[in-house]
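Participant: Would you be able to build a 3D model of this:
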Amino acid sequence: MSAFLNMMQSVDAFFPVGAFTLSNGLETYVQQEVFESVRDLERYLEDYLYFFPENDLGIMALAWKCGMDPDKIMELDQWTGAMKPAKEIREGSHKTGIRFLKAESKMHPEADGGLESYRKLIREKKAYGYHPIALGLYAREIGLEEDTALGMYAYSVISAIVNNAVKLVPLSQMEGQRVLGEQLERIEAAVDRAKNMELDTLGASGASYDIRCMQHERLYTRLYMS
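Facilitator: As a prediction, this is how the structure comes out:
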């Protein structure tokens, strides 16, 4: 139970990593009037969960499998940076990852597992530091099963997207929750796919989202960092 609750805290919107400031291109879709309705939110989430296993969810799964192996962690870190062409998404994942590592070092200073290996690589400038890698290493370190950890992370990301959409479009909170509830089976399917991801299959989709994230860097006005 303690591992489950620790992970719940770590993926909570209030955990101080700044993830709530990222829209991952959603703000661009809204400003371009591509995203205007509940149906648009449904389609967006369906598409997002389709490629999520080949992006951050798959990265987290592979990090969980890395354990304390510094060579594997370093290689995954390099792949993660290479597959994030949008600067704000890459930098956003880095900032939230570094903040996560700092927060966990203060909350659990006695820990000496995968997270410490990652911190050491970052200090030695052999790794950059990304949020999904840190989360995967942390989940393994506290003894949380892979599918449970991935499911909690996936739900937190999809919930955040719904929350952002409700405010940006805007939509009603009730409609947002209804759509979120309809995605639960897709979240399970995404977790199953992520568990079977290989390193060379990461980053195989999501080009339109990357483009919107790049366009976000030059929006006239914006509420989010990406």
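Participant: pLDDT weak spots in this protein?
Facilitator: 109-112, 205, 220, 222, 225-226 (pLDDT under 70).
Participant: how about the nearest residue to the spatially most central residue of it, chain neighbours excluded?
Facilitator: Closest residue to the average C-alpha location of the chain: residue 56 at 5.1 Å, with Cα atoms, centre = their mean. Computed as Cβ to Cβ, 6 or more residues apart in numbering, the closest residue to residue 56 that is not its neighbour in sequence is residue 132, at 4.2 Å. For glycine as for every other residue, the C-beta is placed from the backbone atoms N, C-alpha and C.
Participant: Ok, residue 133 next?
Facilitator: Nearest one to residue 133, counting by Cβ to Cβ, 6+ apart, is residue 63 at 4.3 Å.
Participant: how many neighbours does the one you found have?
Facilitator: Residue 63 has 27 neighbours, counted by other Cβ atoms under 10 Å.
Participant: Who are the contact partners of it?
Facilitator: Going by Cβ atoms under 8 Å, 6 or more residues apart in numbering, residue 63 touches 73, 76, 114, 132-137, 140.
Participant: what ranges do the helices span in this structure?
Facilitator: Using DSSP state H, the helices of the chain run over 2-10, 26-31, 38-51, 56-66, 70-82, 87-107, 114-123, 131-141, 146-168, 173-182, 184-195, 207-216.
Participant: Residue 20: which of those helices is closest?
Facilitator: helix 146-168 (6.9 Å; Cβ to Cβ).
Participant: Can you mark which positions in that closest one are buried?
Facilitator: Residues of helix 146-168 classed as buried by neighbour count (16 or more other Cβ atoms under 10 Å): 146, 149-162, 164-166, 168.
Participant: Quick one: distance of it to the chain centre.
Facilitator: Remark: helix 146-168 is offset 9 Å from the chain centroid, using Cα atoms, centre = their mean, to the nearest Å.
Participant: Could you do stretch 72-90 as well?
Facilitator: Distance, centroid of stretch 72-90 to centroid of chain: 12 Å (Cα atoms, centre = their mean).
Participant: now do the same end-to-end measure for that stretch.
Facilitator: Criterion Cα to Cα, to the nearest Å; first-to-last residue distance in stretch 72-90 is 20 Å.
Participant: got the contact list for the residue nearest to residue 215 when sequence neighbours are not counted?
Facilitator: The shortest distance from residue 215 to any non-neighbouring residue, by Cβ to Cβ, 6+ apart, is to residue 28 (4.9 Å). Residues in contact with residue 28, defined by Cβ under 8 Å, 6+ apart, are 212-213, 215-216, 219.
Participant: try it again with 6 Å
Facilitator: 212, 215-216 (Cβ atoms under 6 Å, 6 or more residues apart in numbering).
Participant: Export those to a markdown table and append columns for distance to residue 173 and neighbour count.
Facilitator: Compiled in a markdown table, the contacts of residue 28 are given as follows (distance: Cβ to Cβ, whole Å; neighbours: other Cβ atoms under 10 Å):
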| residue | distance to residue 173 | neighbour count |
| --- | --- | --- |
| 212 | 24 | 23 |
| 215 | 28 | 16 |
| 216 | 25 | 25 |
